[in-house]
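Peer 1: Got a predicted structure plus its sequence, pasted below:
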2 protein chains.
Amino acid sequence: MNIGQASERSGLPTKTIRYYEQIGLLRPGRRDNGFRDYGKREVHELRFIARARGLGFSVEECRHLLALYRDEGRASSDVRETAQVHIEAIRAKIEALRSMEKTLAHLIERCAGDERPDCPILDGLSGD
Amino acid sequence: MNIGQASERSGLPTKTIRYYEQIGLLRPGRRDNGFRDYGKREVHELRFIARARGLGFSVEECRHLLALYRDEGRASSDVRETAQVHIEAIRAKIEALRSMEKTLAHLIERCAGDERPDCPILDGLSGD
DNA sequence: GCTTGACCTTCCAGTTACTGGAACTGGCAC
DNA sequence: GTGCCAGTTCCAGTAACTGGAAGGTCAAGC
């Protein structure tokens, strides 16, 4: 099938699919006319990548996961470790964001938000 | 003072300070020898930017906040709105990350993580 | 046979917020 | 005058796409 169909079935934009090919993530065959040709397997792998990206894995992590997925002789410990490292990064990000949210919420709470210039948010940012 | 001092006092790398100047966020004066010259006010503003960035505001948001900070006639509602929009973006990110974390934690939990190839994480990604 | 339109191709540039490196100058100690 | 640190500019690279230009393919309709 053409890239448009593959896009529809994988949920990825054609631009993204071409990009993944460019960086060597997934190389489909070509027809005589130069069009990319996707089969069931390729679409399946595109969906795999889409899901992994949806869980926040970087493209390089996706490359690694895909390699493991393709490798029948993989050890599940490899996958688990990759996922473990990633989930810890996610947790760290959540913590960082929560801390920002808390600080910001405090500042916003104190701000009148009217036409006057006094502003605890700016005061907080300026270091008072 | 020179950029090195300003860097030390603001906590921002010199590269970053030069970058902020390049995009017109903060323009220090110059000495005869061409070196940038920072005063108390500039360092104060650099710290302002550093704090805002630390709370996750984009550089463009920082530009806006800095303009408000400089404007004695600002309305605090402007600041509050900017912060409100931002905190909602933060909350959305937290939610997205939490959802990723939950899904991933479930998958990791089920994975033996040994030398065998069977892996619920890969199964989950492949859509089974 | 020709045109239209949807879909495909490649390539180049832009996005965010820096960061690294090269090549050169300023200013001071020895 | 030589070394050295700290300053200068400019160019390129990062992550993961995304938009747009310029042009080729193919089936359908007139």
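Peer 2: Perfect, I can see it now.
Peer 1: So which residues on chain A come close to DNA strand C?
Peer 2: A:2, A:3, A:4, A:5, A:14, A:18, A:34, A:35, A:36 (Cβ under 7 Å from any atom of the strand). Using the backbone N, CA and C atoms, a C-beta is placed for each residue, glycine as well.
Peer 1: Could you identify the most distant pair in these?
Peer 2: A:5 and A:34 (16.6 Å; Cβ to Cβ).
Peer 1: So the two - more neighbours on which side?
Peer 2: Each of residue A:5 and residue A:34 has its neighbours counted (other Cβ atoms under 10 Å in any protein chain shown); residue A:5 has more, 11 against 6.
Peer 1: What helix or strand is the more buried one located in?
Peer 2: helix A:3-10 (DSSP states H and E).
Peer 1: hmm, who's touching that helix?
Peer 2: Applying Cβ atoms under 8 Å, 6 or more residues apart in numbering or on different chains, the external contacts of helix A:3-10 come out as A:13-14, A:17-18, A:28, A:35-36, A:38, A:42-43, A:46-47, A:50.
Peer 1: Report the backbone C-alpha coordinates of it in PDB.
Peer 2: As requested, the backbone C-alpha atoms of helix A:3-10 are provided in PDB (Å, rounded to 0.1, in the frame of the first residue of the first chain):
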ATOM      1  CA  ILE A   3       2.200   5.900   2.400                       C
ATOM      2  CA  GLY A   4      -1.200   7.600   2.700                       C
ATOM      3  CA  GLN A   5      -2.800   4.300   3.600                       C
ATOM      4  CA  ALA A   6       0.000   3.400   6.000                       C
ATOM      5  CA  SER A   7      -0.500   6.800   7.600                       C
ATOM      6  CA  GLU A   8      -4.200   6.200   8.000                       C
ATOM      7  CA  ARG A   9      -3.700   2.800   9.500                       C
ATOM      8  CA  SER A  10      -0.800   3.700  11.800                       C
END
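Peer 1: how about it: buried residues?
Peer 2: Of the residues in helix A:3-10, A:3, A:6, A:7, A:9, A:10 count as buried by neighbour count, 16 or more other Cβ atoms under 10 Å in any protein chain shown.
Peer 1: give me every residue that touches the residue of chain A positioned farthest from its centre.
Peer 2: Centroid-distance maximum for chain A: residue A:116 at 41.9 Å, with Cα atoms, centre = their mean. Residue A:116 makes contact with B:75, B:76 under the criterion Cβ under 8 Å, 6+ apart.
Peer 1: That one and DNA strand C, how far apart?
Peer 2: From residue A:116 across to DNA strand C, the span is 29 Å (Cβ to the nearest atom of the strand, to the nearest Å).
Peer 1: coming back round to it: for the residues of chain A next to DNA strand C, give me JSON lines that also has distance to residue A:97.
Peer 2: Output for those, formatted as JSON lines (distance: Cβ to Cβ, whole Å):
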{"residue": "A:2", "distance to residue A:97": "40"}
{"residue": "A:3", "distance to residue A:97": "36"}
{"residue": "A:4", "distance to residue A:97": "37"}
{"residue": "A:5", "distance to residue A:97": "38"}
{"residue": "A:14", "distance to residue A:97": "32"}
{"residue": "A:18", "distance to residue A:97": "32"}
{"residue": "A:34", "distance to residue A:97": "45"}
{"residue": "A:35", "distance to residue A:97": "43"}
{"residue": "A:36", "distance to residue A:97": "39"}
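Peer 1: what ranges do the helices span in chain A?
Peer 2: A:3-10, A:14-22, A:40-54, A:59-70, A:76-110, A:120-126 (DSSP state H).
Peer 1: about what we covered before: check whether the helix holding residue A:5 comes into contact with DNA strand D.
Peer 2: No: residues of helix A:3-10 contacting DNA strand D under Cβ under 7 Å from any atom of the strand: none, with a closest distance of 10.6 Å.
Peer 1: That helix: how far from the chain's middle?
Peer 2: 19 Å (Cα atoms, centre = their mean, to the nearest Å).
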